[in-house]
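**Student:** Take this sequence and fold it.
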Amino acid sequence: MRTLVTGGTGYIGAELVRSLLNDGHEVVTFGPSSNTNRIADIASDITIVRGTLAHSAETFNVVKDQRIERIFHLGSMLSTPSQANPWASFQVNVVGTMNVFEAARLFDVPQVIFSSTIGTFAIGAGRIATDFTIQRPTTMYGAGKLYCECLGRFYKNRFGLDYRAIRFPSVIGPGTTQRTVAQYNSWMIEYPTLEKPFECFVTPETKGPGMYFKDAIKSLRMLAEAPLECIETLNYNIGGLNPTPTASQVEAAVRRHIPDAAITYNPDPLIMQYYASAQVEVFDDSCARQEWNWAPEFDRLDAIVSDFINEVRTSPEKYGLG
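**Tutor:** Residues are numbered from 1 along each chain as shown. Predicted structure coming up:
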């Protein structure tokens, strides 16, 4: 199958591309980045198209010219840059997603898999967020993603698009360079593994649902392949770590492997403001489990930390850490 991955050279996208390629898909990536470090070893086996989601012609052209049969839409501006530049975030995340849906409609792409976020939950969500909890985001990133969830549902109802989406919690994994509200989880493991100090930008008591990057890829693949008759909820919460650890518990897990890890705390007031409004501790993914048999492979903190450290030590170049 000829598959387009927007944001396919990025943090999650690169690993999804690798997974698809290993299973025989013809893969095309689309996005503005010229940094292909994460896919350097497979770059000759895929088609890399540079462009901007906000430009409709560029998005339409890649779908038409490359004869795309399925789209994984992962390309977006993340939470912190979206807060800093909400105008650019709107163009990339909202207009860009509209362009992806329109390209699918115009050029008969039957399925679009969209990546959303736990950030669509904030005010009034409470400690436990289900797929039916009211969504009142407080960030530009969350607001844009929520609009696109609704837009995808409209395209399914109006045009018959096989639209499906996953709401990710914090995705923990090596090699990401963009600071987001929950990025402390990954860097608290990655930096000590590379023998670098890490100044954590949240308090030791801060917690938020998270999952391992390998499970994030697994969930995208499972959702895409699930029989259409099983898909009822459309926009799915996806869980991973259980129970949700605090920052200090992540630190303790790291120290079990790296006792002399140089970890300190200096909370960022703007990021802590986000956690004051977003208090979800349990990301209930019952619908995904019931409708398409979702279950994470890495649901314990120690298993994630151990595998993460091994990945960084044995394959740093794969994650742009060489």
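**Student:** what residues are up against residue 10?
**Tutor:** Residue 10 makes contacts with 31, 33, 38, 74, 75, as judged by CB atoms under 8 Å, 6 or more residues apart in numbering. All C-beta atoms are positioned from the backbone trio N, CA, C, and that covers glycine.
**Student:** Most widely separated two among those?
**Tutor:** Using CB to CB, the two most remote members of those are 38 and 75, lying 14.3 Å apart.
**Student:** Quickly name whichever of the contacts of residue 10 is closest to residue 207.
**Tutor:** When these are compared against residue 207 (criterion: CB to CB), the nearest one is residue 74, at 25.4 Å.
**Student:** If you tally nearby residues, what's the number for residue 134?
**Tutor:** 11 (other CB atoms under 10 Å).
**Student:** Just to check, it is in contact with residue 124?
**Tutor:** Yes - at 6.0 Å, residue 134 counts as touching residue 124 under the criterion of CB atoms under 8 Å.
**Student:** Check the gap between the spatially closest residue to residue 153 that is not a sequence neighbour and residue 80 for me.
**Tutor:** Leaving aside its chain neighbours, residue 153 sits nearest to residue 234 (5.8 Å; criterion: CB to CB, 6 or more residues apart in numbering). Per CB to CB, to the nearest Å, residue 234 is found 28 Å from residue 80.
**Student:** next one: residue 54
**Tutor:** 19 Å.
**Student:** What of residue 271?
**Tutor:** From residue 271 to residue 80 the distance is 8 Å (CB to CB).
**Student:** just residue 74 next, same as before
**Tutor:** Counting by CB to CB - residue 74 and residue 80 are separated by 17 Å.
**Student:** Settle it for me: which of these two has more neighbours?
**Tutor:** residue 74 (24 against 19).
**Student:** Tell me the confidence at that one?
**Tutor:** Looking at residue 74, its pLDDT reads 98.
**Student:** and what of residue 34?
**Tutor:** pLDDT, read off for residue 34, is 69.
**Student:** And the one 10 residues further on, by the same measure?
**Tutor:** Model confidence at residue 44, expressed as pLDDT, equals 93.
**Student:** Just give me the neighbour total for it.
**Tutor:** 8.
**Student:** That one belongs to a helix, doesn't it?
**Tutor:** Yes - according to DSSP: H, G, I helix; E, B strand; the rest coil, residue 44 belongs to a helix.
**Student:** separation between it and residue 245?
**Tutor:** 40 Å.
**Student:** can you pull out the helices in the stretch 101-250 of the chain?
**Tutor:** 140-159, 184-193, 213-225, 247-257 (DSSP state H, counting those that start in this stretch).
**Student:** could these be laid out in JSON lines, adding distance to residue 263, mean pLDDT and mean neighbour count?
**Tutor:** As requested, those are exported to JSON lines (distance: least, CB to CB, whole Å; pLDDT from 0 to 100; neighbours: other CB atoms under 10 Å):
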{"stretch": "helix 140-159", "distance to residue 263": "27", "mean pLDDT": "98", "mean neighbour count": "19"}
{"stretch": "helix 184-193", "distance to residue 263": "6", "mean pLDDT": "97", "mean neighbour count": "23"}
{"stretch": "helix 213-225", "distance to residue 263": "21", "mean pLDDT": "98", "mean neighbour count": "21"}
{"stretch": "helix 247-257", "distance to residue 263": "5", "mean pLDDT": "98", "mean neighbour count": "18"}
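**Student:** Which one, of these, ends up nearest to residue 295?
**Tutor:** Among the helices of the stretch 101-250 of the chain, helix 213-225 sits nearest to residue 295 (CB to CB), with 9.1 Å.
**Student:** and the angle from that closest one to helix 184-193?
**Tutor:** 140 degrees (axes from the mean of the first three to the mean of the last three CA atoms, to 10 degrees).
**Student:** what's helix 213-225 packed up against?
**Tutor:** helix 13-22, strand 70-73, strand 111-117, strand 162-168, strand 170-172, helix 286-292 (3 or more CB pairs under 8 Å, 6 or more residues apart in numbering; DSSP states H and E).
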